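Asks: 3D model of this:
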Amino acid sequence: MDQSRSKKAIRQEIIKRRAALDPLEREQNSFAAARRLLSWSKYQEAKTVLLFAGVRSEIDTRFLAQESLRLGKCVAMPRCVPKSRELLLLEIESWEDLKPGFYGLLEPGPEEPCILPTAVDLIVSPGVAFSPSGYRIGYGGGYYDRLIAQLPGVLTVGLAFQLQVVASLPRDMYDMPVDFLVTEEDLVDCRAVREKKGDVN
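Replies: Residues are numbered from 1 along each chain as shown. Next up, the predicted model:
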């Protein structure tokens, strides 16, 4: 099986497992993961954060966004630009600023204030699957890989359910790993894992 097919198979398997999660357990695990992230010193220090709006069976990030706003953080959310496969970063003042957009994702409207990527202190990245090394499989568009590659000095954190974490993942030369991984069960320093393994996924 080549890497492309392998990624597709893993993506399908994890989405199936995630969709089978009991709604109450999804809510509880989302809250637990958000609390773990919010209590982390590096997140507390960040003034401008890029979050994402979980939809369908993804981790629910509404509490995380609302609490971040309550704490006085500048919260940016991504808006997809399909033509260039890039993300526009737009500031929100409330969850209600998000509307269904590209592929049913919740996105800020184009009228919301733009934030320069270089103004972001911390990126919270979605993903279908993550490895402890920080490598991720998304939905295949490469939006976050491009963004992370442009911002080598910005701290990146994957946020997911523990069931989305797998021991290893196939990867390509353009795949960008996150620095940390947060789930309802753990906070992993992926940089230390990569260093220990000699960057072997």
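Asks: tell me the contacts of the residue most central in space within the chain?
Replies: Centroid-nearest residue in the chain: residue 125, 1.8 Å away (criterion: CA atoms, centre = their mean). Residue 125 makes contacts with 52, 136, 144, 148, 156, 157, 158, 159, 178, as judged by CB atoms under 8 Å, 6 or more residues apart in numbering. No exception for glycine: its C-beta is placed from N, CA and C like everyone else's.
Asks: Find the nearest non-adjacent residue to the first one, please.
Replies: The shortest distance from residue 52 to any residue other than its chain neighbours is 4.7 Å, reached at residue 126 (CB to CB, 6 or more residues apart in numbering).
Asks: For that neighbour, give its distance to residue 64.
Replies: 12 Å (CB to CB, to the nearest Å).
Asks: burial count for the residue nearest to residue 52?
Replies: Using other CB atoms under 10 Å, residue 126 has 24 other residues around it.
Asks: Same question for the one 5 residues further on.
Replies: The criterion is other CB under 10 Å. On that basis, residue 131 has 23 neighbouring residues.
Asks: leaving aside the residues next to it on the chain, what's closest to it?
Replies: Leaving out its chain neighbours, the residue that sits closest to residue 131 by CB to CB, 6+ apart is residue 169, at 4.6 Å.
Asks: For residue 24, see how far away the residue nearest to the centre of the chain is.
Replies: Residue 125 is 26 Å from residue 24, by CB to CB.
Asks: what does residue 189 give?
Replies: Relative to residue 24, and taking CB to CB, residue 189 is found at 30 Å.
Asks: okay, those two: which has more neighbours?
Replies: It is residue 189, of residue 189 and residue 24, that has more neighbours when counted by other CB under 10 Å, with 14 against 8.
Asks: got the contact list for that one?
Replies: Residue 189 neighbours (CB under 8 Å, 6+ apart): 179, 180.
Asks: Name whatever forms a beta bridge with it.
Replies: In this structure, residue 189 bridges to residue 180 when assessed by DSSP bridges.
Asks: Would you check how far apart it and residue 15 are?
Replies: Residue 189 is 27 Å from residue 15, by CB to CB.
Asks: Looks like residue 49 contacts residue 120 (just checking).
Replies: Yes: if you go by CB atoms under 8 Å, residue 49 and residue 120 touch, sitting 7.1 Å apart.
Asks: got any residues that touch both of those two?
Replies: In contact with both residue 49 and residue 120: residue 76, using CB under 8 Å, 6+ apart.
Asks: Residue 29 in helix, strand or coil?
Replies: helix (DSSP: H, G, I helix; E, B strand; the rest coil).
Asks: Repeat that for residue 158.
Replies: Residue 158 - assigned by three-state DSSP - is strand.
Asks: how many other residues sit next to residue 20?
Replies: 9.
Asks: residues in contact with the residue nearest to residue 52?
Replies: By CB under 8 Å, 6+ apart, residue 126 lies in contact with 52, 54, 58, 59, 138, 144, 158, 159, 160.
Asks: Cheers, nothing more for now.
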